[in-house]
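Visitor: give me a model of this one.
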Amino acid sequence: MRLLLDTVAFIWATSSPDRLSRKAMTALLYDEAVRELSAISLSEIAIKSAIGRLSLTERDVLTGIADLQMRVLPYTAEHASRLFGLPLHHPDPFDRQIVAQALAEDIPVVTSDEKFRLYKGVKVIW
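Guide: Down below sits the predicted model:
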């Protein structure tokens with residue numbers, strides 16, 4: 001089973017795993033799980049670190065990806081095209097792109113963000 005972690009779930013999984021729900025942790029620890037992080041999350045972390053809203057370094061992120069044995073999911077034109085029909089349930093552009101990517105890939109999202117559940121077709125694990 002593929003799992004797409006949103007940015008906050010990735011940060012918590014790498015730095016504060018006790019903040020993850022039991023269901024999210026179980027899914028992440030499942031041997032057959034293919035854990036994925038969107039390239040959008042990498043951009044979000046880099047931008048927020050640069051403006052002082054996060055204190056993660058590139059090394060922290062790369063170590064987290066390696067430790068969790070994650071794949072980075074590229075963001076494609078197909079993913080971006082999903083934004084055209086996406087309702088404005090979520091104001092955050094990074095999260096909207098992750099929603100679009102999840103819909104295009106038909107992949108569940110590991111997130112504590114309740115707004116993800118407002119999108120028809122997005123399966124949330126939390």
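
Visitor: run a quick neighbour tally on A27.
Guide: Neighbourhood size, A27 [other CB atoms under 10 Å]: 19. Glycine gets a C-beta too; all of them are placed from N, C-alpha and C.

Visitor: hmm, I was thinking of D106
Guide: Neighbours around D106, by other CB under 10 Å: 10.

Visitor: quick one: it from S15, how far?
Guide: Separation of D106 from S15 (CB to CB, to the nearest Å): 29 Å.

Visitor: and if you look at V61?
Guide: 11 Å.

Visitor: ok, these two, which is more surrounded?
Guide: Shown here are V61 and S15; by other CB under 10 Å, V61 has more neighbours (21 against 12).

Visitor: and the contacts of the helix or strand hosting that one?
Guide: Using DSSP states H and E, V61 sits within helix 58-67. Helix 58-67 is contacted by residues 10, 13-15, 37, 42, 45-46, 70, 72 when judged by CB atoms under 8 Å, 6 or more residues apart in numbering.

Visitor: would you mark the buried spots in it?
Guide: For helix 58-67, burial by neighbour count (16 or more other CB atoms under 10 Å) applies to 60-61, 64-65.

Visitor: show me where the protein has strands.
Guide: With strands called from DSSP state E, the chain shows them at 2-5, 34-38, 71-73, 109-110, 124-125.
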